[in-house]
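Peer 1: Model the structure of this input:
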Amino acid sequence: MNPRTTGILAVIALALGLFVWFHEIEGDVARQAVADEENRVFSGFASDDIDAVALTTLDGVEARFERREGRWWLVDPRVARADATALDAITNALANLPKEGSLAGGKDPVAFELGTDPGARGFARRTVGFEVAGESLGLRVGRTTPVGGHRYVARLADDDVAYVESFRVNAFERNLSDLRDRNIFTFATDDVERISVTGSEGREVILVRENGTWRLVAPFGALADQEVARDLVTNLAHLRARDFVDDPEAIDASLRAETAVRLAWRLSGEQTDYVARLAGTTGDARLFETSAGDWIFVAEERVGEFATDADAYRFKRLADFDLASARRLELHFAKEGTAPTAALDVVAELRAVGWASDDSPLDPDRMTRLVRELSNLRATGIFADEVGEAERAALGLSPPRARLRVEGGTDREQPVRILADLRFGRFDPTRGLLVQRDDMDTVFVIEPELADGLPYSAAHYRFAFETPGAGAEEAPPEVDPLEGVPMDGVGAP
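Peer 2: This next block holds a predicted model:
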């Protein structure tokens with residue numbers, strides 16, 4: 001074929017392709033968009049263009065909402081933050097409400113319960129007014145269609161009756177409380193630099209964040225558990241109203257006067273505290289006075305999220321590592337003075353078949369459970385912040401009755417690192433096990449039930465961690481109790 005002819009045909013083919021693309025494909029999209037716009041009950045604006053909404057709520061309250069500086073507010077019958085999700089659902093339903101069909105003109109709207117005369121027969125079941133760029137518009141929602149379960153609707157400006165899918169008007173079926181913002185506070189958790197919790201007995205616990213680290217400063221100074229401190233701030237910041245109290249005087253004065261928990265917090269860059277308190281309870285709901293002086297109800301169980309005991313906030317992490325990173329365990333059990341159990345050293349490694357040891361016929365499943373418990377091991381109490389060498393010896397910590405070290409790392413190409421290094425001291429079956437981290441002077445206490453899952457002595461290791469039948473087949477011998485040592489702690493503040 002002549003090259004010139006080939007070129008002409010190529011140009012024609014390209015032109016035809018462009019025509020098909022712009023006229024058929026893009027044209028179809030544009031035509032469909034126009035058809036969709038024409039099929040809407042309202043057209044010519046988007047949901048973000050709606051500045052105000054007014055409706056009578058399911059519980060019979062005439063409410064008005066306005067968008068101010070990007071935030072929705074309830075402005076009548078009172079001023080309060082509105083629930084942005086609920087109001088956005090309403091404006092989206094108004095701006096994008098598609099008709100499933102229309103009735104021929106001249107129909108009486110009263111017959112479809114779309115009337116405009118309040119109190120008269122056939123009055124609209126729901127009326128939603130709204131404003132777009134200063135223009136007042138509105139929608140009437142009537143009864144359900146006899147067939148198909150749709151809802152009749154009409155604009156306020158005319159009596160053209162249409163019907164829409166029922167679910168599309170669900171956004172308007174809300175009680176006033178459903179349209180109010182149940183978030184009590186708006187501060188960011190990272191902005192809190194000081195927080196205090198005071199119980200009904202008046203003892204105040206104060207935590208301060210310094211250089212990103214939370215510390216207890218009252219009633220004594222100590223390192224705080226960072227996760228627990230963050231949870232405290234998060235629980236406060238995300239506290240939500242269960243119900244609203246618009247007339248506090250209707251609430252029993254004794255409930256308002258009671259203080260179960262007082263909360264005070266300070267934000268970065270500010271000099272004064274915000275104060276709120278959990279007051280009396282009705283059984284399933286707790287009265288709460290916000291920092292703005294408003295009253296609400298919160299769920300009763302939220303009270304437990306604000307511990308008033310300083311010990312609850314103290315650092316008690318004995319180990320904290322990624323479970324998948326553990327690759328090697330070393331256990332050393334010292335020989336006890338008069339006990340028949342000899343010293344024992346065990347090295348266990350994570351192999352293809354699970355945890356295994358050349359030194360001991362260990363139970364791989366039990367060892368897996370041990371590593372899982374160690375990966376997030378937390379003591380149940382503080383025995384002492386620090387003790388002398390003589391006391392350490394008396395407590396079975398110098399030398400330790402047992403020592404456990406976990407090694408590993410997420411990168412198997414790199415040298416192993418120490419993930420946990422614990423020293424186990426004396427154990428009392430009724431009071432617990434004494435434990436020290438290798439990098440801290442603090443003596444921690446683990447309650448007996450939790451301690452039972454740890455290899456705190458050679459006898460207990462053989463009984464609980466070796467393959468059944470390979471080690472001790474009877475219960476471990478009774479260990480010496482902490483004779484004469486007060487388990488409520490020595491040297492603790």
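Peer 1: Tell me which helix or strand comes right after the lengthiest strand in the chain.
Peer 2: Using DSSP state E, we find that the single longest strand of the chain is strand 417-428. Using DSSP states H and E, the helix or strand that follows strand 417-428 in sequence is strand 432-437.
Peer 1: And the first helix or strand past that following strand going along the chain, what's buried?
Peer 2: Going down the chain from strand 432-437, the next helix or strand is strand 443-446, by DSSP H and E. Under the neighbour-count criterion of 16 or more other Cβ atoms under 10 Å, strand 443-446 has Val443, Phe444, Val445, Ile446 buried. To be clear about C-beta, it is placed using only N, CA and C from the backbone, and glycine gets the same treatment.
Peer 1: outside of strand 443-446, which residues touch it?
Peer 2: 316, 318, 379-384, 386-387, 395, 397, 425, 431-437, 454, 487 (Cβ atoms under 8 Å, 6 or more residues apart in numbering).
Peer 1: ok, now with 6 Å
Peer 2: By Cβ atoms under 6 Å, 6 or more residues apart in numbering, the residues outside strand 443-446 that reach it are Ala379, Thr380, Gly381, Phe383, Ala384, Val387, Gly432, Leu433, Leu434, Val435, Gln436.
Peer 1: Repeat that for stretch 178-195.
Peer 2: Stretch 178-195 is contacted from outside by 80-83, 86, 207-209, 233-234, 237, 239-241, 265-268, 290, using Cβ under 6 Å, 6+ apart.
Peer 1: hmm, 7 Å instead?
Peer 2: Here stretch 178-195 makes contact (Cβ atoms under 7 Å, 6 or more residues apart in numbering) with 57, 63, 74, 80-83, 86-87, 207-209, 232-234, 237, 239-241, 244, 265-268, 290, 296.
Peer 1: Show me which of those are buried.
Peer 2: Buried subset of these (neighbour count, 16+ other Cβ under 10 Å): 57, 63, 74, 82-83, 86-87, 207-209, 232-233, 237, 239, 241, 265-267, 290, 296.
Peer 1: Out of the contacts of strand 443-446, flag the one nearest to Gly149.
Peer 2: Thr380 (57.9 Å; Cβ to Cβ).
Peer 1: roughly how far apart are the closest residue to that closest one other than its chain neighbours and Asn376?
Peer 2: Using Cβ to Cβ, 6 or more residues apart in numbering and skipping the chain neighbours, the partner closest in space to Thr380 is Glu447 (4.4 Å). If you measure Glu447 against Asn376 using Cβ to Cβ, to the nearest Å, the figure is 16 Å.
Peer 1: Per the annotation, how does the chain divide into domains?
Peer 2: Structural domains assigned to the chain are 1-38, 47-179, 189-313, 317-464, following automatic domain parsing.
Peer 1: now these in TSV, with mean pLDDT?
Peer 2: Shown next, in TSV, are these (pLDDT from 0 to 100):
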stretch	mean pLDDT
domain 1-38	63
domain 47-179	95
domain 189-313	96
domain 317-464	90
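Peer 1: Show me what whichever strand or helix holds Ala52 is packed against.
Peer 2: In the assignment (DSSP H and E), Ala52 maps to strand 50-56. Applying 3 or more Cβ pairs under 7 Å, 6 or more residues apart in numbering; DSSP states H and E, one finds that strand 50-56 contacts strand 62-68, helix 84-95, strand 126-132.
Peer 1: So what touches the helix or strand just after the first one?
Peer 2: Just to be clear, that refers to strand 62-68. Helices and strands here follow DSSP H and E; after strand 62-68, the next one along the chain is strand 71-76. Outside strand 71-76, the residues that touch it by Cβ under 7 Å, 6+ apart are Ala63, Arg64, Phe65, Glu66, Val79, Ala80, Arg81, Ala82, Ala84, Leu87, Leu179, Arg180.
Peer 1: Tell me what the first one is bridged to.
Peer 2: Residues found in beta-bridge contact with Ala63 (criterion: DSSP bridges) are Leu55.
Peer 1: Roughly how far does it sit from Arg174?
Peer 2: When Cβ to Cβ is the yardstick, Ala63 and Arg174 sit 9 Å from each other.
Peer 1: Mind putting the helices and strands packed on strand 50-56 into CSV with distance to Glu300?
Peer 2: Formatted as CSV, these follow (distance: least, Cβ to Cβ, whole Å):
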stretch, distance to Glu300
strand 62-68, 28
helix 84-95, 25
strand 126-132, 34
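Peer 1: Between these, which one is closest to Phe45.
Peer 2: Closest approach to Phe45 among the helices and strands packed on strand 50-56 is made by strand 126-132 (4.9 Å; Cβ to Cβ).
Peer 1: Give the pairing partners of the closest one; include direction for each.
Peer 2: Strands that pair with strand 126-132, judged by DSSP bridges, come out as strand 50-56 (antiparallel), strand 135-144 (antiparallel).
Peer 1: Would you mind reformatting these (as TSV) and adding columns for distance to Asp191 while you're at it?
Peer 2: Output for the strands paired with strand 126-132, formatted as TSV (distance: least, Cβ to Cβ, whole Å):
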stretch	distance to Asp191
strand 50-56	31
strand 135-144	40
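Peer 1: Make a markdown table from these and add distance to Arg327 and mean neighbour count to it.
Peer 2: Output for the strands paired with strand 126-132, formatted as a markdown table (distance: least, Cβ to Cβ, whole Å; neighbours: other Cβ atoms under 10 Å):
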| stretch | distance to Arg327 | mean neighbour count |
| --- | --- | --- |
| strand 50-56 | 59 | 20 |
| strand 135-144 | 65 | 18 |
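Peer 1: Those strands: which one's closest to Val217?
Peer 2: Nearest of these (Cβ to Cβ): strand 50-56, 47.8 Å.
Peer 1: tilt between that closest one and strand 62-68?
Peer 2: 170 degrees (axes from the mean of the first three to the mean of the last three Cα atoms, to 10 degrees).
Peer 1: Pull the most distant pair out of the contacts of strand 443-446.
Peer 2: Thr380 and Val387 (18.4 Å).
Peer 1: between those two, which one's more packed in?
Peer 2: Taking other Cβ atoms under 10 Å, Thr380 and Val387 do not tie; Val387 has more neighbours (21 against 16).
Peer 1: is it fair to say the more buried one lies in a strand?
Peer 2: No: assigned with DSSP: H, G, I helix; E, B strand; the rest coil, Val387 falls outside any strand and is coil.
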